[in-house]
Structure formats: structure tokens, C-alpha cells
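>>> Next one to model:
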Amino acid sequence: MTAVQKLIGLLVLIVALIAGSAVASWRVQDWRFGKQLADQARLHTDDLTAISNAASAQQQADLDKRLALEQRLSASEQSHYKELSDAQNNQAGLGDRLATADLRLSVALDTTDSACGHSVPAGATTGGVVHGGARARLDPAHAQRIIGITAAGDQGLIALAACQDYVRGTQPALP
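Next up is the predicted model:
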């Protein structure tokens, strides 16, 4: 072997060693980087799972709140409907009793009012168990109109109470 051949062999050996160490370094770096990427992917997956679980829990909490609100509003609506129905039944019964003359409406008279010029004697009372001052019976048609007016007023008050309960039920609680 000549010196040139030895030198070429030595250079080939050095190049092979350098290439081998480069390949080995490349493999080690690839392994480390792959591990880092796998760790990042696992952490990213864990973060996405945590976010998904939090969103699911929030959605369930909102659903529970909505269902509770719907139940409260339904109970309130049923209560007000029953109250309205009872008031309508009472008014209808009162109207029926007035129509059949089973019941008569009367008003108390002010016997001390001298401004109107019509004085009613204190002894002019209707028969019955009414205690107090003088009373006058109302015409059945007028009594029916008064009952209708009070029925409309009762319905309005019940509807107002229902609206107020609805607003109170849908408003968030104040701190």
C-alpha cells in the first residue's frame, strides 16, 4: 500500500466516522424531537379535553338553570291560571245569583250629606240582617254591570300579578 492509498483510506475512514456520527446525532435529535412533539400533542389533547369538559359542564349548568326557570314559570302560570279561573267562576256564580234574584246588591246611603239637597230619613232601611245606616237596592241590570266591571278589574289584577311574577322569575338575582 502506498502512502496515497493509506491517505485516501484514512480520509475515507474519517469521512465515514463523521458521516456515522452525523447520522447518529441525527437519529438522537429525531428521537428527542419526536418525544417533544408527542409530549406537546398529549398536552394539547389534555387541554382540549379540559376545555371540552368545562364547556360541557357549563352547558349542563345552563340547561339546569333553564329547566328550573321553566318549572318555576310553569308553576306560577298554573297558579295564576287557577286564580283567574276561580275568580271567573266566582264572578259567574255571583252574576247567576243576581240574575235569579237569589242575591241583591245594595249600597249604603249617606244620610248626613246636606249638599245634595235630598235627605233620606234614617228609618228608611230595607229588611234584612244588614246593620248600619240606610241602604238602597241596586237595579239588577246595574248590579250586573258592576259585577262585570269588578270581574274585568280582577282579571286585570291577576294578569298584572302574573306578568310581575314572570319578570321576577326571568330576572337574574341581584347581588
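>>> neighbours of Ala101, just the number please.
Neighbour count of Ala101, defined by other C-beta atoms under 10 Å: 8. Just so you know, the C-beta spots here come from the backbone N, C-alpha and C atoms, and that holds for glycine as well.
>>> same check, this time on the one 3 residues further on
A total of 14 residues lie near Arg104 under the criterion other C-beta under 10 Å.
>>> The one 3 residues further on too?
For Val107, the neighbour count with other C-beta under 10 Å is 12.
>>> Need the nearest residue in space to it, chain neighbours excluded.
Of all residues not flanking Val107 in the chain, Ala136 sits nearest, at 5.8 Å (C-beta to C-beta, 6 or more residues apart in numbering).
>>> In contact with Val167, which residues?
Contacts for Val167 (C-beta atoms under 8 Å, 6 or more residues apart in numbering) come out as none.
>>> low pLDDT regions in the protein?
113-132, 173-175 (pLDDT under 70).
>>> And the helices in it?
3-99, 140-170 (DSSP state H).
>>> What's the separation between Arg32 and Asp39?
11 Å (C-beta to C-beta, to the nearest Å).
>>> Oh, that last question was meant for Thr100, not what I typed.
Applying C-beta to C-beta to Thr100 and Asp39 gives a distance of 90 Å.
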